[in-house]
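Chemist: I would like to see how this sequence folds:
(2 chains)
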Amino acid sequence: MAVDGGYDWDGRWNHVRKFLERPGPFAHPDFEPCTESLQFLLEMCKILVIGAGGLGCELLKNLALSGFRLIHVVDMDTIDISNLNRQFLFRPKDVGRPKAEVAADFINNRIPGCKVVPHYKKIQDFDESFYRQFHIIVCGLDSIIARRWMNGMLISLLSYEDGVLDPSSIIPLIDGGTEGFKGNSRVILPGMTACIDCTLELYPPQINFPMCTIASMPRLPEHCIEYARILLWPKEKPFGETSLDGDNPEHIQWVFKKSIERAAEFHITGVTYRLTQGVVKRIIPAVASTNAVIAAACSLEVFKIASSAYIPLNNYLVFNDVDGLYTYTFEAERKENCSACSQVPQNLQFPPSAKLQEVLEYLMENASLQMKSPAITTTLEGKNKTLYLQVFNFTEHTHFFYLGLSDGQELAVADVTTPQTVLFKLNFTT
Amino acid sequence: MLFMVTYMPTLCCRLWGDHGQDTLENAHVCLINATATGTEILKNLVLPGNLNVFTAVPYVCIVSYSFFLTYNSIGKNRAQAATELLQELNSHVSGNFVEESPEKLLDNNPDFFHRFTIVIAVQLPESTSLRLGSVLWSASIPFLVCKTYGLIGYMRLVVQEHTVIESHPDSALEDLRLDKPFAEFKNHLQSFDLESMNKKDHSHTPWIIIIAKYLEKWLSEHNYKPPQNYKEKEAFRQLIRDGIRKNENGVPEDEENFEEAIKNVNTALNQTKIPSAVEELFNSEQCNNINSESSSFWVMLRAVKDFVHSEGNRDLPVRGTIPDMIADSQKFINLQNVYRTKAMQDAAAVSTHVQRLLQSLGKVCKNASFLRVVRCRSLAEEYGVDSVNKDEITSCMDNPDSEMVFYLILRGVERFYQQHSRYPGVYNYQVEDDISKLKLCVNSVMQEYNLNVNIKDDYVHEFCRFGASEPHTVAAFIGGSAAQEAIKIISHQFVPFNNTFIYNAMLQTSATLQL
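Modeler: Okay, the predicted model is just below:
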């Protein structure tokens, strides 16, 4: 029985059909077994995959083999030789080409009928009108900032009528992340369940090394490598004006040599070429199997939500196979005053004698905000005024008084972690 | 202006190290059944490393949920088709395929399996699993059985004795010996005089030294008894806090190294002792009866035990690493060297206990407290009426929604296959009727083992709904999990599961059972 223009041979979707056409005791209450569900999956359901790397390749394969055909994939990177050991849609001949395009080509060729549309772009290059067209969005990103941006975008698509959320404006977000042998997969229904920002504290802390350690008191081989990377490279400009490229072996070789010299000065051992590359590229090495497991869990959730064949994960899965295999599933809770999804105005408490500097530090260091380079504007005497932009960093030492800020002042803060500005209310403490 | 540099530590290849990579390169893996699950497992093995991969497959491929079988593969020998596409992933891998079914091989040439480092079987009927399991058990070859059945994933590891030299535990306690400082450390400690140091040195002295110094003070004032309870530890912390230099106005200076010391008091005061897992190994038969047949693992372990009873003074060889901490370079490096030198001395002492000098000795010392042995029960033991693990089954089933129920129904499904030569619910019209038939099969298995457990009808119904399907997403999950466990077995690093893993994709939960 041919379906959809003759792509399908007899029995091609038998496995999938069993879940779409048969009733069962664990199906979602809304589930109605019917033959049209397969049609929906094959012909109408639009999925967006963010990232075409380790997780992305697995996601595309899984979705395509589960019956999804209208898939878009966004990735801003090109293929590097170091990707080939786990991003299996890429071959040596593809090095240098955009990941999204190569991934789409491979899937479309290998799985007849599948129409993956690639976008060699950043997620920030698209606006609401692009994202609105998808039924479900699944992320395989390696950056917390990008996740938060995506999270913020979907929240901005929500519409409320008389304070009540319109369910048709919700686009489910399935988010997967891996780090060595650990990974997690979560289902986010923006406006209804915990969002990325609600659980920001769950993300592992990044280790910061103060500049003074690197500049004058190194102890570890990593300090020596950072010294070469941050201080020597800009000073000595070994390859002219080119910036350090972690994928260029000549660059790494240079950093490696300089790191060894630095290490020798302080009798530090352990600098290797591999470590140098790892530090420069900031990689926590990826393990193919962890990506496979997490992408599998995410893809299954996409299928469950698209088909209602089962109740979706509620809502967070943690996986770790360092010692045996361990999973932990729990319901992450929404934060009442989440800066991204709660719609509750954010309060800032500062004494009236404070400087703007303190507000900036709070925005960046507070565990629930973790902004990267906030820009602050406000309304004074009816006019919109910029209080702080990193580029013009002179106002941070100015006291509130001199900036004309009063108790209850509303500050609008923009940052790379969110597509929308966040509103804060400045409350003076006594 | 001070700016912070963000840095994420790399474990690049420190995850595996060169050592693990060598064994991976020499491994020869056998995969039986290139189904979706099978090809996913192979993909995850082939992609990262150099492996000799071998597949054995019985039948011709029909429907493909495998990424490595295409429309053009239909009608071909599945193993051949899959091998070709998999080989594409990594040009260094040599893939081979065999056209005989595993049953035929077991009939005619069971020795065929002896050449492999590990055998992985996917979607095998129970009788073949048991036969193959017995052959591999006698030959001491690790056997990994996998199954994707609807939204349930299953893995069973069968290995007689698997040694793990580097178990890389996530949260390893440091080995600082502050409760039993060795002579070289005590000497080093004497070179520090906190009172008379200048400001810079004082605030850049490693916290290990700080705690050691203040511990000396405490011991002399408390009858040589270290802080025992919370109250005393608090007092000890206060003692350290009082040591923070104050400026001319009596305000304490910002001495981060002292803050680190205070934070680390609890763990620093931990008793140095041999982990019980290692003690068990020391007491085992293989350790006490070293002979010409003993593996190098047991020889090394015995050497470590002998060290413990002589030079080691009842303790394991010093590990030799210290965590990073606030300090100036020289003080840190000097302290690190004190520990490193001691570790090397201990390693040298261990080597004199060893009959043959083994290259990986250094590695063993560094990881002495991380030695593990994993022993799995054989399939024969799991299935035997007299040896079945009833306790595990009944205690898990105290909760009727425990993942154990899926294991039990899978057993019932195999019984169904034996009786009806097909799996339940494959065709729509069969689903309804097969529910009661499957229930009978499950009950008959329970009766055979004299198990009195409650199996909810809903689960039996769901298994009929599954219709023996192998959805790709579940196959991919098991594919990733199984490949990782296989790598652990081959490389002897990281601890594998023991011995049954059940994945419930409906709720995204899992459990490890010992059957």
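Chemist: so for the longest strand that chain A contains, what's the average pLDDT?
Modeler: Longest strand in chain A, counting residues (DSSP state E): strand A:418-428. The average pLDDT within strand A:418-428 is 88.
Chemist: Then stretch B:222-240?
Modeler: Across stretch B:222-240, the average pLDDT comes to 93.
Chemist: Can you get me the centre-to-centre distance for it and its chain?
Modeler: Offset of stretch B:222-240 from its chain centre (Cα atoms, centre = their mean, to the nearest Å): 37 Å.
Chemist: in chain B, what spans have low per-residue confidence?
Modeler: B:1-26, B:49-83, B:85-87, B:89-95, B:166-172, B:291-294, B:296, B:355-370 (pLDDT under 70).
Chemist: Compute the number of surrounding residues for the closest residue to B:Cys464 other than its chain neighbours.
Modeler: Excluding the flanking residues, the one nearest B:Cys464 by Cβ to Cβ, 6 or more residues apart in numbering or on different chains is B:Gly425, at 3.7 Å. C-betas here are computed from N, CA, C, even on glycine. When neighbours are counted by other Cβ atoms under 10 Å in any protein chain shown, B:Gly425 registers 29.
Chemist: Let me know the secondary structure of B:Gly425.
Modeler: Per DSSP: H, G, I helix; E, B strand; the rest coil, the secondary structure class of B:Gly425 is coil.
Chemist: just the strands in the stretch 51-200 of chain B please.
Modeler: Secondary structure of the stretch 51-200 of chain B (DSSP state E, counting those that start in this stretch): strands at B:52-56, B:94-98, B:118-122, B:143-149, B:152-158, B:162-164.
Chemist: Show the contacting residues for the residue positioned nearest the centre of chain A.
Modeler: What sits nearest the mean C-alpha location of chain A, by Cα atoms, centre = their mean, is A:Arg147, with 2.8 Å. Going by Cβ atoms under 8 Å, 6 or more residues apart in numbering or on different chains, A:Arg147 touches A:139, A:141, A:175, A:177, A:196.
Chemist: change it to 6 Å
Modeler: Taking Cβ atoms under 6 Å, 6 or more residues apart in numbering or on different chains, we find A:Arg147 in contact with A:141, A:196.
Chemist: and the gap between it and chain B?
Modeler: 16 Å (Cβ to the nearest Cβ, to the nearest Å).
Chemist: Which residues in the longest strand of chain A does the neighbour count mark as buried?
Modeler: Residues A:418-419, A:422, A:424, A:426, A:428 are the ones in strand A:418-428 that count as buried (16 or more other Cβ atoms under 10 Å in any protein chain shown).
Chemist: any chance of those in a markdown table, plus distance to A:Gly24?
Modeler: Listed next are the buried residues of strand A:418-428 as a markdown table, based on distance: Cβ to Cβ, whole Å:
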| residue | distance to A:Gly24 |
| --- | --- |
| A:Thr418 | 40 |
| A:Pro419 | 40 |
| A:Val422 | 44 |
| A:Phe424 | 49 |
| A:Leu426 | 55 |
| A:Phe428 | 59 |
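Chemist: Show the contacting residues for A:Asn337.
Modeler: Contacts of A:Asn337 (Cβ under 6 Å, 6+ apart): A:Val344.
Chemist: does it belong to a helix or a strand, and which?
Modeler: Under the criterion DSSP states H and E, no helix or strand holds A:Asn337.
Chemist: Can you give me the pLDDT of it?
Modeler: Model confidence at A:Asn337, given as pLDDT, is 85.
Chemist: so how far is B:Asp433 from the residue nearest to B:Cys464?
Modeler: 9 Å (Cβ to Cβ, to the nearest Å).
Chemist: what does A:Tyr388 give?
Modeler: 72 Å.
Chemist: For the stretch 301-430 of chain A, which residue gets nearest to chain B?
Modeler: Scanning the stretch 301-430 of chain A for the residue nearest chain B gives A:Gly324, at 3.8 Å (criterion: Cβ to the nearest Cβ).
Chemist: who in the stretch 401-515 of chain B is up against chain A?
Modeler: B:458, B:461-462, B:465, B:467, B:469, B:471-473, B:476-477, B:479-481, B:483-484, B:495, B:497, B:501, B:505-506, B:508-510, B:512 (Cβ under 6 Å from any Cβ of the partner chain).
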